[in-house]
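Asker: sequence below, structure please.
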Amino acid sequence: MKKVGVLGGTFDPPHLGHLLIANEVYSALDLDEVWFMPNQEPPHKEKSDSVKNEERLQMLNLAIENNDHFKIAAIELEREGRSYTVDTMKILNARFPNFQFFFIIGADMIEYLPKWHKIDELIKLVKFVGVERPEYSHQTDYPVLYVDVPAMEVSSSMIRERIKNGKTVRYLLPDPVIHYIEEKHLYGT
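Answerer: Alright, predicted model coming up:
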């Protein structure tokens with residue numbers, strides 16, 4: 001059975017924190033691959049209006065291009081409306097019946113699990129993998145595997161703000177992503 005980590009997010013833009021989390025979970029759980037799954041319309045957060053899905057996909061491609069174990073699963077971009085994990089995982093489990101999926105979430109999402117859409121159904125479809133974040137509790141009644149990941153205080157919203165204000169994002173984003181953002185004049189560049 002193939003073991004696949006799934007890391008969902010807006011990836012608006014994809015940053016080194018995303019790559020660090022994916023790599024640490026990949027290594028700690030001895031996964032075969034990690035799939036980055038960009039959200040169409042996440043239920044719990046907003047993405048920037050100025051960047052198209054194709055541009056987010058291209059930035060993600062550039063971010064993971066040097067790691068053969070990292071792939072993109074654009075399944076949520078194929079559907080309209082809110083991206084509920086339970087719907088996505090039903091589709092992935094049907095398409096890949098011999099795969100075991102590990103859904104990677106941050107500590108902020110662990111606290112939020114009781115509010116996830118159809119959570120009791122979802123926990124039968126995936127194994128949740130929680131990564132530590134210092135300001136959040138990881139107490140939950142749901143089954144969650146934990147992986148220690150070095151703290152990296154970086155977020156896509158912080159990066160968008162830095163770019164908008166003309167501040168450097170070097171060492172926060174992969175260089176090819178920085179070049180793409182500059183070339184396409186994204187986030188107010």
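Asker: can you count the residues close to the residue lying closest to K164 once chain neighbours are set aside?
Answerer: Take K164 and drop its neighbours on the chain: the residue closest to it by CB to CB, 6 or more residues apart in numbering is G188, 4.3 Å away. To be clear about C-beta, it is placed using only N, CA and C from the backbone, and glycine gets the same treatment. G188: 13 surrounding residues under other CB atoms under 10 Å.
Asker: packing partners for the helix or strand bottoming out on mean pLDDT in the chain?
Answerer: Among the helices and strands of the chain, helix 107-112 carries the lowest confidence by mean pLDDT, DSSP states H and E, at a mean of 83. Judged by 3 or more CB pairs under 8 Å, 6 or more residues apart in numbering; DSSP states H and E, helix 107-112 is in contact with strand 127-131.
Asker: what sits against V129?
Answerer: Contact analysis of V129 by CB atoms under 8 Å, 6 or more residues apart in numbering lists 5, 25, 29, 102-105, 144-147.
Asker: tell me the helix or strand right after the helix or strand where N23 lies.
Answerer: In the assignment (DSSP states H and E), N23 maps to helix 16-28. Next helix or strand after helix 16-28 toward the C-terminus (DSSP H and E): strand 33-38.
Asker: what lines up beside that following strand in the sheet?
Answerer: Strand 33-38 pairs in its sheet with strand 2-9 (parallel), strand 70-72 (parallel), by DSSP bridges.
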